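Q: Next input, structure requested:
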Amino acid sequence: MFTFILVVQAIVAALLVTVILMQKSEGGGLGVGGSPAGFMSARGAADFLTRSTTILATIFVLLSIVLAVIASVQHAQTDIDTSLVKQAPVAPAAPAPAAGSADPLAGAAGAAGNGQAANGAVPLAN
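A: Coordinates of the predicted model:
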């Protein structure tokens, strides 16, 4: 149903563009000569093209609304599949700081007392 209405919408859009491009910018329409009171006189063509434009534009807008309604009903809310989501690994717990250290970042460097860390790393600047 959606595809059928979409095809009809495309045909109406093409006809609408054609009818609009056939009109004169001054409103004369087609510019075809003929009998003054005839159907395809300048005024008769303008009336026909103006009426055609109005009808096609109305059909185009109505079809757009119908397509929007059908699309919203057909594509109802779906559940999100989370089966492929990976859990982040749990980081190991940090080791407890040295008992006598006031600065937890100093670690064994404060306990060594000579300015060098017990593991040979450069101490942090104070």
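Q: what's the closest non-adjacent residue to Met1?
A: Distance criterion C-beta to C-beta, 6 or more residues apart in numbering; nearest residue to Met1, sequence neighbours excluded, is Ile70 at 6.8 Å. (C-beta placed from N, C-alpha, C; glycine too.)
Q: now Ile20
A: Thr53 (6.0 Å).
Q: For the host helix or strand of that neighbour, enumerate the helices and strands it packs against.
A: Per DSSP states H and E, Thr53 falls inside helix 42-74. Secondary-structure packing of helix 42-74 (3 or more C-beta pairs under 8 Å, 6 or more residues apart in numbering; DSSP states H and E): helix 2-22.
Q: List the buried residues for the helix it packs on?
A: Gln9, Val12, Leu15, Leu16, Val19 (16 or more other C-beta atoms under 10 Å).
Q: Which single one of those residues is nearest to Asp81?
A: Nearest to Asp81, judged by C-beta to C-beta, of those is Gln9 at 32.8 Å.
Q: if I read this right, the closest one contacts Leu62, doesn't it?
A: No: Gln9 is beyond contact range of Leu62, at 9.9 Å (criterion: C-beta atoms under 8 Å).
Q: picking up where we left off before, show the average pLDDT along the helix holding Thr53.
A: For helix 42-74, mean pLDDT is 89.
Q: Let me see the backbone angles for Lys24.
A: Geometry field for Lys24 lists phi and psi as phi -80, psi 150, criterion degrees, to the nearest 10.
Q: per-residue confidence at it?
A: 78.
Q: give me the number of residues near it?
A: Per other C-beta atoms under 10 Å, the neighbour tally for Lys24 reads 13.
Q: That one and Thr50: what is the separation?
A: 11 Å (C-beta to C-beta, to the nearest Å).
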